[in-house]
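this one's structure only:
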């Protein structure tokens, strides 16, 4: 079994393999969102949220085990003349603020 380390959402890097819900997700891109809600609506003031977009690299295993419904791992795009079409069937976004901890493979 591969060794893992536990990291906060802000410590995830492109290329990391994050374990989530039985999936092994290779991180392809990271977006950071700042909280700009009014103070009375904030749950965690001034704490950015990280959306780490990735590719499920053990897709066959995940689908066979039923860890995550197949439809949850799709993305779509608009194609002129066809409308919205599925363009990926192996996508997952690891998301959270620094209160979330993730197991990342070394």
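Ah, there it is. From a predicted model like this one, the values you see are computed outputs, not experimental measurements. Residues are numbered from 1 along each chain as shown.

Each with direction, which strands does the longest strand along the chain pair with?
Counting by DSSP state E, the longest strand found in the chain is strand 23-33. Using DSSP bridges, the strands paired with strand 23-33 are strand 17-20 (antiparallel), strand 49-56 (antiparallel).

Give me the buried positions along the longest one.
Neighbour-count burial for strand 49-56, counted by 16 or more other CB atoms under 10 Å, picks out 49, 50, 52, 53, 54, 55, 56. All C-beta atoms are positioned from the backbone trio N, CA, C, and that covers glycine.

returning to that earlier point: could I get the strands paired with strand 23-33 as TSV with mean pLDDT?
Shown next, in TSV, are the strands paired with strand 23-33 (pLDDT from 0 to 100):
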stretch	mean pLDDT
strand 17-20	98
strand 49-56	97
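
from the middle of its chain, how far away would the longest strand of the chain be?
Relative to its chain's centre, strand 23-33 lies at 5 Å (CA atoms, centre = their mean, to the nearest Å).

Would you mind pulling the contact partners of that strand?
12-19, 48-58, 62, 67-68, 92, 94, 105 (CB atoms under 8 Å, 6 or more residues apart in numbering).

and which of the buried residues of strand 49-56 is nearest residue 78?
Relative to residue 78, the closest of the buried residues of strand 49-56 is residue 53; by CB to CB it sits at 18.3 Å.

Give me the neighbour count for the nearest residue in space to that closest one that is not next to it in sequence.
Computed as CB to CB, 6 or more residues apart in numbering, the closest residue to residue 53 that is not its neighbour in sequence is residue 29, at 4.7 Å. Using other CB atoms under 10 Å, residue 29 has 10 neighbouring residues.

And residue 29, how far from residue 51?
9 Å (CB to CB, to the nearest Å).

ok, now how distant is the closest residue to residue 72 other than its chain neighbours from residue 31?
Once flanking residues are discounted, residue 72 sits nearest to residue 92: 7.9 Å by CB to CB, 6+ apart. According to CB to CB, residue 92 stands 14 Å off from residue 31.

With residue 15 instead?
To residue 31, residue 15 is 16 Å away according to CB to CB.
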